[in-house]
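Asks: Structure for this input, please:
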Amino acid sequence: MLQYSFYYYQRTLRTRIGNWARYVLYGGIRKMIIKGAEPFFMEGNHIGCVLIHGLSSSPSEMRLLGEYLNNRGYSVMAPLLPGHGTKPEDLMKYGWQDWYGEVERALTFIKRNCTKTYLIGLSMGGLLALYGAANRLPVSGVVAMAPPIHLGNRLAYTAPILKYFRKSVKKEGNASLIHGNHRVTYNEQVMHGVHELLKLRRRVKWALSGIRKPVLIVQSKDDRVCLPSGAQYVHDKLGSPLKILKWLANSGHIVTMGPEREEMFTQIHWFIQNIRQV
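Replies: You can find the predicted model right below:
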């Protein structure tokens with residue numbers, strides 16, 4: 001497995017918001033980050049939020065939420081997961097353990113100045129957040145948005161075999177424009193990445209009953225990528241005594257950019273403010 005360089009984290013406290021190095025290192029080879037896909041850090045108070053993007057996407061889909069939370073005083077960190085934000089072929093070099101390792105590093109970074117931290121993930125990012133809670137990372141709570149437990153595209157379940165015959169599948173429609181908001185994402189879904197998501201999904205399903213941290217689940221009823229039944233499954237199987245399932249009506253899959261995002265942002269803010277750590 002190639003080593004991913006996270007040296008740019010060390011520069012963040014000096015550069016504050018947005019002045020990141022525009023490249024990462026994959027196995028010692030410099031790779032340019034697509035403009036707009038950069039990780040970001042927004043310094044705030046002692047409460048920190050790690051925002052985790054989804055498969056084949058980038059922190060850009062978490063920026064609106066990050067700005068909302070930072071405007072309310074929170075420190076916000078949104079890492080770029082290995083293999084993302086450069087080109088689709090890079091995704092084939094990494095697995096779910098690498099993505100989870102990046103979440104751990106981001107959490108370690110933000111805890112330098114924060115006494116309370118939350119993992120907040122969208123789609124696969126939600127699985128990584130739940131997996132962190134299951135593995136007892138030092139967090140106060142978790143927000144999982146549109147968790148990929150029940151997938152709308154049945155072809156995804158064939159990824160463990162399909163990846164040997166077809167490296168990627170083109171995404172339908174314009175995945176870069178969500179309700180007038182631009183996000184940086186690959187225009188194809190790499191089958192190796194989907195297989196890794198399925199591996200992570202299996203481990204999260206096994207671990208749900210052991211999670212004791214407060215959890216907020218957010219799901220849109222019209223999501224055709226990650227079906228609403230999956231969010232209900234997570235809620236029902238969680239072992240946490242404090243769990244909330246927030247339903248949205250018409251926000252699709254990328255709820256952080258959907259028409260009901262302000263309502264969801266308010267719910268997340270309330271969750272952080274009012275749910276005590278178990």
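Asks: The nearest residue to Lys163 once chain neighbours are set aside and Glu102, how far apart?
Replies: Leaving aside its sequence neighbours, Lys163 sits nearest to Met191 (C-beta to C-beta, 6 or more residues apart in numbering; 3.6 Å). Bear in mind the C-beta positions are built from the backbone N, C-alpha and C, glycine included. According to C-beta to C-beta, to the nearest Å, Met191 stands 21 Å off from Glu102.
Asks: Give me the secondary structure label for Gln189.
Replies: What DSSP: H, G, I helix; E, B strand; the rest coil gives for Gln189 is strand.
Asks: secondary structure element for Leu51?
Replies: strand 47-52 (DSSP states H and E).
Asks: who's in contact with that strand?
Replies: 59, 62, 65-66, 69, 73-79, 81, 103, 106-107, 110-111, 113-122, 125-126, 128-129, 272 (C-beta atoms under 8 Å, 6 or more residues apart in numbering).
Asks: Please narrow these to those residing in strands.
Replies: Counting by DSSP state E, the contacts of strand 47-52 place 75-78, 116-122 in strands.
Asks: Out of these, which comes closest to Met32?
Replies: Ala78 (18.8 Å; C-beta to C-beta).
Asks: Dump whichever strand or helix holds Val204 to CSV, restricted to CA.
Replies: Per DSSP H and E, Val204 falls inside helix 191-207. In CSV, the C-alpha atoms belonging to helix 191-207 read as follows (Å, rounded to 0.1, in the frame of the first residue of the first chain):
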residue,chain,number,x,y,z
MET,A,191,-15.5,-0.2,-8.6
HIS,A,192,-12.5,-0.8,-6.3
GLY,A,193,-13.8,2.1,-4.2
VAL,A,194,-17.3,0.7,-4.1
HIS,A,195,-15.9,-2.7,-3.0
GLU,A,196,-14.1,-1.0,-0.2
LEU,A,197,-17.2,0.8,0.8
LEU,A,198,-19.0,-2.6,1.0
LYS,A,199,-16.3,-3.9,3.3
LEU,A,200,-16.7,-0.9,5.6
ARG,A,201,-20.5,-1.2,5.5
ARG,A,202,-20.3,-4.8,6.7
ARG,A,203,-18.1,-3.9,9.6
VAL,A,204,-20.3,-1.0,10.6
LYS,A,205,-23.4,-3.2,10.5
TRP,A,206,-21.7,-5.6,12.8
ALA,A,207,-20.7,-2.9,15.2
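Asks: So what angle separates the directions of the following helix or strand past that helix and strand 116-122?
Replies: Going down the chain from helix 191-207, the next helix or strand is strand 215-220, by DSSP H and E. Using axes from the mean of the first three to the mean of the last three C-alpha atoms, to 10 degrees, the inter-axis angle of strand 215-220 relative to strand 116-122 is 30 degrees.
Asks: Pull out the buried residues from the next helix or strand after strand 215-220.
Replies: The first helix or strand that comes after strand 215-220 along the chain, using DSSP H and E, is helix 228-237. For helix 228-237, a neighbour-count test (16 or more other C-beta atoms under 10 Å) marks 228, 230-235, 237 as buried.
Asks: any idea which of those is closest to Glu89?
Replies: Nearest to Glu89 among these, with distances taken as C-beta to C-beta, is Gly230, at 29.1 Å.
Asks: list the contacts for the closest one?
Replies: With C-beta under 8 Å, 6+ apart, Gly230 has these contacts: 147-151, 219.
Asks: picking that back up, name the strands paired with the strand holding Leu51 and say parallel or antiparallel.
Replies: strand 75-78 (parallel), strand 116-122 (parallel) (DSSP bridges).
Asks: Let me have these in CSV, extended by distance to Cys49.
Replies: Putting these into CSV (distance: least, C-beta to C-beta, whole Å) gives the following:
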stretch, distance to Cys49
strand 75-78, 5
strand 116-122, 5
